[in-house]
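Novice: sequence? don't have it. structure:
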């Protein structure tokens, strides 16, 4: 896992809720939460490959279906 340094400074006259929302967006974009969830438990490399292959196939099927409708 690559080190991630996400920093959000509260702007002048900015609502704290808005700053938290910006921070959450940055964390999600970096994939920090997803990486932590993935690493909570050990997963065999073959299982990871199988999951990624299934995800790729789903994306390709979605793109193919989109092209057929156009």
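Specialist: Nice, thanks for sending it over. Only a predicted model underlies this, so the values are computations on that prediction, with no experimental measurement involved.
Novice: For the residue with the largest distance to the centre of the chain, what are phi and psi?
Specialist: Most distant residue from the mean C-alpha position of the chain: residue 13, 30.0 Å away (Cα atoms, centre = their mean). Backbone torsions for residue 13, taken as degrees, to the nearest 10, come to phi 60, psi 30.
Novice: confidence score at it?
Specialist: With respect to pLDDT, residue 13 has a value of 92.
Novice: ok, now residue 39?
Specialist: 90.
Novice: can you count the residues close to it?
Specialist: Close neighbours of residue 39, defined as other Cβ atoms under 10 Å, add up to 10. Quick note: C-beta positions are derived from backbone N, CA and C, even for glycine.
Novice: just how off-centre is the helix or strand of the chain with the lowest mean pLDDT within its chain?
Specialist: In the chain, no helix or strand scores lower on mean pLDDT, DSSP states H and E than helix 32-38, which sits at a mean of 89. The chain centroid and the centroid of helix 32-38 are separated by 8 Å, computed with Cα atoms, centre = their mean, to the nearest Å.
Novice: and what of stretch 22-41?
Specialist: From the chain centre to the centre of stretch 22-41 is a distance of 6 Å (Cα atoms, centre = their mean).
Novice: Start the count at 576 instead of 1 going forward.
Specialist: Sounds good: first residue 576 from here, last item stretch 597-616.
Novice: the longest helix in this structure is where?
Specialist: helix 620-644 (DSSP state H).
Novice: Residues in contact with that helix: which ones?
Specialist: Applying Cβ atoms under 8 Å, 6 or more residues apart in numbering, the set of residues contacting helix 620-644 from outside is empty.
Novice: Let me see the confidence value for residue 577.
Specialist: 68.
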